[in-house]
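[1] fold the following, please.
(2 chains)
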Protein chains: 2
Amino acid sequence: MNAPLSEISRIPGLKRIETFSRDEMGALCMERTRAVYPHDQVYGRFCTIEEYIDCPPDEVFAYLADVRSLEEWTWSTRGFEATDEADLLVGWDRLADDTRIWCRTVANAAARTIDYHCAWDQGRALWMIYLMRVIPAAVVLNRPGSVVTWTNCRHPFYDHNPFPEAAPDDRDTWVGDLWPFFYAGHVVEMENLKKILEFRHASGLPMRPWTD
Amino acid sequence: MNAPLSEISRIPGLKRIETFSRDEMGALCMERTRAVYPHDQVYGRFCTIEEYIDCPPDEVFAYLADVRSLEEWTWSTRGFEATDEADLLVGWDRLADDTRIWCRTVANAAARTIDYHCAWDQGRALWMIYLMRVIPAAVVLNRPGSVVTWTNCRHPFYDHNPFPEAAPDDRDTWVGDLWPFFYAGHVVEMENLKKILEFRHASGLPMRPWTD
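    Next up is the predicted model:
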């Protein structure tokens, strides 16, 4: 079972041990490993955060896959209600005045992925995507509980609102102007998520009290 | 559809707009957003990297889900062969002398997740887990192609090899000692992945030539 080296050797710029030695790889990694990294290098194009949560993965998944959880663990999204379209909800993002937010949750129980497809102001193009995944900490950290990852990608609409006519007339905030603060803001919300789930799990409380 | 505020209010330390104002949230986010971040803060407990690849998501997924791809895009894992156990392969990590690496690939086509469950020296406890996911760039970046995310979690075995008796006698390298260089090393391998997939996709070549 050998890689087809003759074909791979035609691809320019690859760094593979056959042609890029341990010494070369070591030197390159030393060069690229820094004491500090600029904000834009880490969080400019993508924004991923990760957290350990002391709550079983199936509980964390079921919580996140239920859109009502957003009203608890996010700082500012509230009041989601059904729309005419199946699985598409509309609520408010109280981050800004008079701002509606549409959301469709796409979850995969086997992979424990939960994607929130959202948008401000209109619900036709859901381009603000929060990609989350729940991983059993037993597997990746050798302890009970869950690891949650959360990635956002810098969609070009963050830089240019394509639906300005849908925005409230007097609103002076655009969600994309806040991209530089997504790292900090999402950490606050991930901390909320961790506190809620760990509190309920440790107390034996229902994880989703609204379903009772 | 309102969150159960009476119960949530019992959970200490939450930052929600009802009790944590826009001004307070703005100040906190300003405080936590820095010009630079220390290596350990970003890559100490978890190591995630993300990349855009100009190749359709189903092609990227099929490539990564085929374990033979590792022999192309990784710097140092080579020569995977079947073992007696279904789906468990064993190869060599040429990063270190005489080092065997076991690997089981767990993929979910619907969520496009690909997890490599690996370990050096023995194949009973697969604790080195590479969590990858392929996302359609059309959805998250409004362009053709794929976004690939890759997360590693700092399993405690990185810090203490639990199977020293399985290691070659004279090996002076332990994979966990390299954790600080995972960020840099994985970026090199992600660059390989991007170059291979973009080259073949742009040239109309077979994406997995070993299947022909």
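[2] how about the strands in chain A?
    Here chain A has its strands, by DSSP state E, at A:36-38, A:46-53, A:77-82, A:88-93, A:100-108, A:113-120, A:128-136, A:146-153.
[3] columns mean pLDDT, mean neighbour count and distance to chain B on top of those strands, output as CSV?
    To be clear about C-beta, it is placed using only N, CA and C from the backbone, and glycine gets the same treatment. What follows is the strands of chain A, written out as CSV (pLDDT from 0 to 100; neighbours: other CB atoms under 10 Å in any protein chain shown; distance: least, CB to the nearest CB, whole Å):
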stretch, mean pLDDT, mean neighbour count, distance to chain B
strand A:36-38, 98, 15, 4
strand A:46-53, 98, 20, 4
strand A:77-82, 96, 16, 5
strand A:88-93, 97, 19, 8
strand A:100-108, 98, 20, 4
strand A:113-120, 98, 23, 4
strand A:128-136, 98, 22, 5
strand A:146-153, 98, 24, 4
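[4] make JSON lines out of those and add distance to residue A:21.
    Output for these, formatted as JSON lines (distance: least, CB to CB, whole Å):
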{"stretch": "strand A:36-38", "distance to residue A:21": "26"}
{"stretch": "strand A:46-53", "distance to residue A:21": "31"}
{"stretch": "strand A:77-82", "distance to residue A:21": "51"}
{"stretch": "strand A:88-93", "distance to residue A:21": "52"}
{"stretch": "strand A:100-108", "distance to residue A:21": "41"}
{"stretch": "strand A:113-120", "distance to residue A:21": "38"}
{"stretch": "strand A:128-136", "distance to residue A:21": "34"}
{"stretch": "strand A:146-153", "distance to residue A:21": "33"}
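[5] to residue A:61, which of these lies closest?
    strand A:128-136 (4.7 Å; CB to CB).
[6] list the contacts of residue A:29.
    By CB atoms under 8 Å, 6 or more residues apart in numbering or on different chains, the contact list for residue A:29 reads B:181, B:184, B:185, B:188.
[7] tell me which two of those residues sit farthest apart.
    B:181 and B:188 (9.9 Å).
[8] the contacts of residue A:29 also near chain A: which ones?
    Among the contacts of residue A:29, the residues that sit close to chain A (CB under 8 Å from any CB of the partner chain) are B:181, B:184, B:185, B:188.
[9] do you know how far residue A:97 is from residue A:168?
    7 Å (CB to CB, to the nearest Å).
[10] and residue A:126, what does it touch?
    Residue A:126 makes contact with A:102, A:103, A:104, A:117, A:118, A:119, according to CB under 8 Å, 6+ apart.
[11] show me which pair in those residues is furthest apart.
    Among those, A:104 and A:119 lie farthest apart (CB to CB), at 9.7 Å.
[12] I figured residue A:70 hits residue A:114, correct?
    No: counting by CB atoms under 8 Å, residue A:70 does not reach residue A:114; the two are 10.6 Å apart.
[13] next, count neighbours for the nearest residue to residue A:137 once chain neighbours are set aside.
    Distances taken as CB to CB, 6 or more residues apart in numbering or on different chains put residue A:145 closest to residue A:137, at 4.3 Å, once the chain neighbours are dropped. Neighbourhood size, residue A:145 [other CB atoms under 10 Å in any protein chain shown]: 20.
[14] what sits against residue A:145?
    A:52, A:53, A:54, A:55, A:56, A:57, A:137.
[15] apply 7 Å and report the result again.
    A:52, A:53, A:54, A:55, A:137 (CB atoms under 7 Å, 6 or more residues apart in numbering or on different chains).
[16] can you tell me how far it is from residue A:164?
    44 Å.
[17] same check on residue A:61?
    37 Å.
[18] for residue A:122, same thing?
    For residue A:122, the distance to residue A:164 - CB to CB - is 11 Å.
[19] quick one: the helices in chain A, in order.
    A:5-8, A:22-32, A:39-43, A:57-65, A:70-73, A:137-140, A:182-203 (DSSP state H).
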